[in-house]
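In: model this:
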Amino acid sequence: MNRLSPLRLSAAAAALLGLAACAGAPAPVARLAAPAVAPETAPLSGPLAAMAKPRAPLTGDISATNLIDGAPVTLRARASGDTVRVVQSDGCAWTRWGDWFAPSDSWANCGESQNWHTGQATVRPVGSLWPLRPGAEAGYVRNATSHTGRTYTRETRCRVTGSEAVIRPSGAATPAHVVACADGKRVRTTWFAEGEGPVAFRAVHEENGVEEAWVRN
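Out: Modelled structure (predicted):
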């Protein structure tokens, strides 16, 4: 559970993906490539400079637009040292230490699972992504316990896959490093910019497709 909670696909979007699957299109490819659930981007004219690690995963609130249904998304962040507590507009609350890309170490009212919507975890870093630069890789081992007493141990592997400009709703283009983190069930991709942190985010489940996608206003 890495807790930017799932914002579910609309019925219309799910129906379109189902039609594509029936027509013989490979479902995972269709989900990942769907332009309606990915931020608009543009190539950069040159390489993006390496980015040093911020003091905290988030230093301020985020106001964003949901790329699935166009609804507003807010993340209210309260930082304390290198730890941040975030409350999302859908009611999901989570904490994370040291690094935006690390899995959450606590979460409450997140997602739809009866067994895993609330819980806590210990998270151990394996290597470091910082400074962000093309090809940088690291991992996080998470030992999680849910509010119902269920447990798991899972490793998340993250890699800086490149850099590009994210086109914001205003039309402004923000250069950002692209970081993909996979834990065997989901791939979470963040477009991370100097001075702002995450300017776009997308989570894709291996079976359910795009669960969450937003771009910062």
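
In: in the protein, which strand has the most residues?
Out: Taking DSSP state E as the criterion, the chain has its longest strand at strand 151-167.

In: let's see stretch 47-54 as PDB, backbone CA atoms only.
Out: Extracted in PDB, the C-alpha atoms of stretch 47-54 (Å, rounded to 0.1, in the frame of the first residue of the first chain):
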ATOM      1  CA  PRO A  47      19.500  17.200 -20.700                       C
ATOM      2  CA  LEU A  48      18.100  18.100 -17.300                       C
ATOM      3  CA  ALA A  49      20.600  18.800 -14.600                       C
ATOM      4  CA  ALA A  50      20.800  16.300 -11.700                       C
ATOM      5  CA  MET A  51      18.500  17.200  -8.800                       C
ATOM      6  CA  ALA A  52      19.500  17.100  -5.200                       C
ATOM      7  CA  LYS A  53      17.300  15.500  -2.600                       C
ATOM      8  CA  PRO A  54      14.800  17.900  -1.000                       C
END
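
In: which parts of it are buried?
Out: Buried positions in stretch 47-54, judged by neighbour count with 16 or more other C-beta atoms under 10 Å: 48, 51, 54. All C-beta spots, glycine's among them, are computed from the backbone N, C-alpha and C.

In: dump those residues into TSV; add pLDDT and secondary structure as well.
Out: Shown next, in TSV, are the buried residues of stretch 47-54 (pLDDT from 0 to 100; DSSP: H, G, I helix; E, B strand; the rest coil):
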residue	pLDDT	secondary structure
Leu48	95	coil
Met51	97	strand
Pro54	90	coil
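
In: closest to Pro134 out of those residues?
Out: For the buried residues of stretch 47-54, the closest approach to Pro134 (C-beta to C-beta) belongs to Leu48, at 8.3 Å.

In: identify the residue nearest Glu194 in space, chain neighbours excluded?
Out: Closest residue to Glu194 apart from its sequence neighbours, by C-beta to C-beta, 6 or more residues apart in numbering: Met51 at 5.4 Å.
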